[in-house]
Structure formats: C-alpha cells, structure tokens
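Novice: Build me a model from this:
(one chain, ligands or ions: 1)
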Amino acid sequence: MATEISDELPNIVKVTMPSIPRTWDPVSLLYDNQWHDSAEVDEEIENIHTSVPELVDVEVIGQSYQGKNITCLRITNEQNTVQKAQTLVVAQHHGREQVTVEMALRFVLRLVNGYGVNAALTEYIDTQEIYVIMTLNPDALDVVVNDGNHWLRKNLRPYDNDGDGLFGEDDVEDVDGDGHISEFDVYIKDYPEEVPAIYDIDYAYYEGIDNDGDGLFNEDEVGLVDLNRNYPTFWDGGDTDVTTQVYRGTAPFSEPETQAFRDFALNHTFAMAYSLHSGINATYFPADESDNWFEPSLYYGMAADYSDILPSGFNNIAGYPQVFDDRIISTTYGGWGEWMYTERGCTVPITFELYTNASVHEDAASPIIVNNSTHIIREWKGIYGYFAPVESTINDLWNDIVGAFDYLLEMTPRVNFVTTGITGGVTAGQVVDITLSMECLSPRLGSKDAISVLDENGVELDSLIAVGAAQTIVRSPSFTLPEDLDSSGYVILIGCNYTGYTKFLVTTGGIGIDPLLLVVGIGLTVTLVAIVVVIYMKRRP
Ligand SMILES: [Zn+2]
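Specialist: Residues are numbered from 1 along each chain as shown. This next block holds a predicted model:
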C-alpha cells in the first residue's frame with residue numbers, strides 16, 4: 001500500500017507575514033525643541049516602546065562607567081520572527097555632540113510614525129531589523145546638557161591628571177557667567193604676518209578658576225578616553241597622552257561603553273551602519289593605514305549620492321579624502337568605522353558628521369583681546385555652536401538630513417526570493433529541485449555572502465551564489481527531504497546573514513515509509529527478539 005500522492009506535489013510557497021495593521025496614533029517627543037539628558041532619553045524610549053510595542057523592542061546592551069544604561073532600540077515587524085537584514089545607527093560616542101542623540105530620536109519617531117503610512121518605510125521595517133543606540137556616552141551627555149560643559153568629548157572615567165590624589169577636581173568654568181566657557185588662543189609673535197590665521201594657534205588655555213589652589217588652572221579636567229579611539233583596529237597608532245581630546249585609553253576596548261558596543265556588534269551582521277557625530281559636515285568612509293578607502297568605487301558612488309541627498313555644501317572635502325590634494329585624512333586610529341569594516345564585515349560603516357557651524361570659528365567670532373609686543377590672544381566662545389545648533393532649530397536640522405537616514409535603509413541589502421518551479425521527490429530521502437529567482441533590492445550593496453538554503457534548525461541544505469546590488473539571478477537549489485518528514489510540510493530558509501532569511505514551506509507527500517510495512521517490521525522484530533531470548537535461556541548452565 002502506497003501513501004497517496006497528489007499530482008500537484010511537491011509544492012513550495014513563500015511564508016510571509018503581512019504588515020502589522022496601523023493602530024497607534026503618531027508618537028511625539030515628550031521633550032521637543034530641547035536637549036535630552038540621559039534620564040529624558042530613557043523616558044522617550046519608554047514612551048515610544050509602550051506606544052508601539054508591535055514594532056519596538058528595547059535592549060540594554062551595557063552600562064557606562066557611571067553605571068547608566070546604554071540602550072538599543074530595535075524597530076521591525078515583530079510578527080516576522082525570521083532573521084531579517086540588519087542595519088544600525090549609533091549616536092554620541094562624543095559628549096558634546098549631543099545633537100546626534102536628537103537625530104537618533106527623530107529617526108525612530110520617523111519609523112514608527114511612517115509605518116503603515118509611507119510605503120517605503122513600511123517595506124523597510126517589514127524586511128529589516130533597524131537598531132538604534134541613542135547614546136553610547138550617557139555620562140558625558142549629562143555633563144554637557146545639565147552642567148553646560150560643552151568642551152567634554154571623552155568618557156567619564158576619572159583620572160588624576162595632576163597626581164594630587166583627587167580626580168577631575170580642577171575643570172574649566174564659566175567664570176564671567178556669560179554662558180560660554182571661553183578658549184583663549186595664544187599666538188606668539190614670531191611670524192611675519194601682522195595678524196595670524198585663525199588656525200595658526202600656538203597654544204590655548206581655558207576659562208576657569210584654580211579650584212584646588214595649587215597655582216594651576218584647569219589642570220585636572222573631567223573626561224579621559226576618546227571612545228572613538230578605543231577600538232582595536234589601528235589602535236597602536238592612537239594618542240597616548242591622557243590630556244588630549246583623542247586619548248586612546250590603556251588598551252583596546254578598555255572602556256565599558258566600547259565593550260557594550262563590541263558585545264552588541266558581535267551578535268549582529270550589518271552591511272551598512274552609521275555612527276553619528278557633529279563638528280563637521282561629512283560622510284567619512286573607513287580607510288586603511290595609508291588613507292585609502294577600503295571600497296573605493298563603492299564609496300565614490302555613495303559620496304556622490306550624499307551630495308544629491310544632503311543640503312548643498314554639506315558634503316565638504318572631508319567626504320572625499322582621495323579626491324583633493326588638500327584632503328583631510330580619514331583613517332582613524334582605534335576608530336569605530338575601521339573596526340566595523342575589518343573585524344565585523346560591515347561593508348559601509350559611515351562616520352556621519354551631521355552638523356557644524358564653521359562661522360563660529362571665523363575671525364569675527366574670535367576677537368583679539370590681547371595684542372602686545374610678544375603675543376596675540378583671541379577669545380573664542382564658540383565651542384557650543386561648533387558642535388550643536390540652537391535648540392529651536394533641532395527639528396530644522398532633522399528635516400535637512402532626513403534623506404540620509406532613508407538612504408541607509410534603502411541601501412541595506414534585502415533580497416526578494418521568488419520560487420518559479422519545483423520538481424522531484426515527495427517522500428523522505430528523495431531529492432527536490434527548486435527554481436529560484438533572487439532579486440537584490442539595494443541599488444548599491446549586494447548580499448556579500450553566498451545565498452544559502454537552510455533547514456529550520458539552520459543546517460545548510462544547499463549553497464548558491466552571492467547576489468550583486470540591483471541584480472536578479474536565477475538558480476536551482478536542490479536538497480534531500482529529511483527522514484522525519486511528515487505531511488505538514490518541510491520548512492526551509494533562504495538567504496544569508498546580510499540579507500536576512502525568507503521562509504518557505506515545501507509541501508510533500510508526507511512520511512516516506514508505508515505504514516503497513518512499518519507494522520510488519522515491528523512484528524518481525526518482536527518475533528526475532530523472542531527467538532534470541534529463548535536461545536539465550538537454553539544455553540544457560
Ligand atoms: Zn565626534
């Protein structure tokens with residue numbers, strides 16, 4: 001007796017989850033048009049999460065030096081639990097770049113508010129896992145926002161700079177109460193020009209008082225390690241001077257903040273990612289130790305895209321380090337982007353410098369306050385404006401650069417898999433062949449890894465070929481139906497870690513062993529065991 005087989009078997013269908021019905025009202029910020037400190041960021045995260053639990057998941061990925069949570073949001077269609085293509089935005093490695101936190105918050109709001117309204121955003125959220133780390137440096141965020149220390153770039157690990165047994169006890173202060181901590185730029189008159197160029201500074205000192213009464217001013221500042229110099233790649237070339245703004249730390253990943261990011265990144269695969277910064281307008285691509293971009297042709301193409309997307313004049317020469325003779329070196333020793341590229345396989349980790357106001361560093365903004373026979377001293381009050389806009393224009397900045405965030409999602413490689421045929425076996429142990437069309441939806445990034453066919457447990461059944469950007473390839477994977485096949489069908493997953501996976505159900509004839517033969521087999525076995533036992537018993541002495 002044979003198992004009944006339909007003429008239509010085998011069959012294969014894509015198992016797709018529909019978009020989630022839009023049931024929630026638009027989510028607004030609790031604190032709009034103002035800087036958020038870390039507690040307020042946490043409040044916003046909680047509000048977004050409770051407003052849209054269907055799309056938003058929250059994970060604490062670690063703690064800062066002072067024990068504040070470093071939190072990651074995941075925005076995705078949670079009904080589709082198969083691994084999807086993954087993309088990342090991480091904000092605020094650097095304290096005074098608090099505007100990046102604001103942009104990350106508005107990015108998340110754009111996603112949850114655009115879902116079910118904007119077709120492209122809905123597709124991105126259905127097919128991607130979008131990770132957003134609101135701040136990697138919450139300790140410094142609080143000092144910048146609540147204490148007004150707009151010089152603080154590094155993390156808050158204490159350090160006894162002056163060796164007096166105290167930590168961070170002689171920081172800068174706003175002595176004259178004008179809302180700015182001034183930098184005093186000193187120019188020694190050993191040059192031919194009457195007035196030196198603004199950047200020909202010999203040394204600087206800062207507004208403050210001698211807090212510890214040792215005759216020195218601001219010699220034990222708050223802040224120690226530049227988190228964006230604390231990654232292992234090219235770390236050896238980093239700055240070893242604890243007093244500079246770019247001190248690399250005692251070892252790669254010496255800091256709890258970078259450790260948190262490392263542990264998070266080790267569990268994900270990103271084709272493209274943003275690390276948000278401010279202080280310049282640029283999209284920095286990672287480069288090797290000779291300042292050569294890792295993926296020159298790809299990065300040139302993307303830099304051109306950004307020139308179209310971002311406001312005119314935004315993507316200055318820093319975005320094109322190889323194009324101009326007066327290039328700005330883009331390699332960062334111990335930087336995030338170089339580590340993401342070399343160690344985590346992220347093809348395009350962009351250090352996205354999304355705001356500056358260079359006018360605050362022009363001559364007029366730095367008036368000469370001393371001009372004697374030996375020195376000129378300029379007073380610069382512009383550190384705040386250099387890195388951050390006035391609060392009332394935060395949303396204007398977001399509207400200017402939002403296209404770059406949509407671009408991140410558009411570029412993330414997803415593949416539309418369509419099966420156009422299936423032939424072969426219907427019972428256990430038999431081989432089936434599938435005709436599979438693979439269309440990469442990203443215009444610039446392919447699947448990178450070969451596309452695989454996996455069983456539900458992740459065991460590879462067949463390996464195909466990588467799909468290039470904007471490419472459609474047809475292949476014919478085949479695999480053997482398992483021995484434990486039953487009539488409910490056989491689930492397979494197609495994709496790779498960069499593109500995520502799509503689930504298919506192969507409908508077959510069910511189990512491969514005839515039930516009648518199974519009964520006969522059991523009967524024979526029982527009979528044989530009985531005979532063996534009888535023989536054994538008879539041979540006992
Ligand atoms: Zn920065």
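Novice: How about whichever residue of the stretch 251-400 of the chain sits closest to the ion: what's its closest non-neighbour residue?
Specialist: Going by C-beta to the ion, the ion is nearest to H277 of the stretch 251-400 of the chain, at 3.3 Å. All C-beta spots, glycine's among them, are computed from the backbone N, C-alpha and C. Of all residues not flanking H277 in the chain, E353 sits nearest, at 4.8 Å (C-beta to C-beta, 6 or more residues apart in numbering).
Novice: count of residues packed around the one you found?
Specialist: 23 (other C-beta atoms under 10 Å).
Novice: Over to D212?
Specialist: 14.
Novice: Secondary structure element for it, which one?
Specialist: Using DSSP states H and E, D212 maps to neither a helix nor a strand.
Novice: Next up, the contacts around it.
Specialist: Listed by C-beta atoms under 8 Å, 6 or more residues apart in numbering, the contact partners of D212 are 162, 164, 166, 169-170, 220.
Novice: what's the closest of these to the ion?
Specialist: The closest of those, once distances to the ion are taken by C-beta to the ion, is D220, at 23.3 Å.
Novice: How about the residues of this structure by the ion?
Specialist: 94, 97, 277 (C-beta under 5 Å from the ion).
Novice: CSV for those residues, including pLDDT, secondary structure and distance to G495?
Specialist: As requested, the residues of the chain next to the ion are exported to CSV (pLDDT from 0 to 100; DSSP: H, G, I helix; E, B strand; the rest coil; distance: C-beta to C-beta, whole Å):
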residue, pLDDT, secondary structure, distance to G495
H94, 98, coil, 36
E97, 97, coil, 36
H277, 96, strand, 32
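Novice: all helices for this structure, in order.
Specialist: Counting by DSSP state H, the chain has helices at residues 38-51, 99-114, 119-127, 138-147, 256-265, 296-309, 336-344, 383-387, 394-411, 515-539.
Novice: Of the ones you listed, give the one that comes closest to V432.
Specialist: With C-beta to C-beta, the closest approach to V432 among those belongs to helix 515-539: 22.6 Å.
Novice: State the mean pLDDT of that closest one.
Specialist: For helix 515-539, mean pLDDT is 43.
Novice: Show the low-confidence segments of the chain, by residue range.
Specialist: 1-8, 191-199, 313, 315-330, 510-541 (pLDDT under 70).
Novice: what about the nearest residue to G95 once chain neighbours are set aside, how many residues close to it?
Specialist: Spatially, and ignoring its direct neighbours in sequence, G95 is nearest to A140 (2.7 Å; C-beta to C-beta, 6+ apart). A140 has 31 neighbours, counted by other C-beta under 10 Å.
Novice: cool, T507 as well?
Specialist: T507 has 18 neighbouring residues, counting by other C-beta under 10 Å.
Novice: Same check on E379?
Specialist: Using other C-beta under 10 Å, E379 has 17 other residues around it.
Novice: Just to check, it is in contact with F184?
Specialist: Yes - shown here, E379 and F184 form a contact pair, counting by C-beta atoms under 8 Å, at 5.8 Å.
Novice: Give the intersection of the neighbour lists for those two.
Specialist: Counting by C-beta under 8 Å, 6+ apart, the common neighbours of E379 and F184 are I369.
Novice: Surely the residue of the stretch 251-400 of the chain closest to the ion and T356 touch.
Specialist: No - applying C-beta under 8 Å as the test, H277 and T356 come out as separate, 9.9 Å apart.
Novice: So the residue nearest to H277 versus L445, what's the distance?
Specialist: Using C-beta to C-beta, to the nearest Å, E353 is found at 22 Å from L445.
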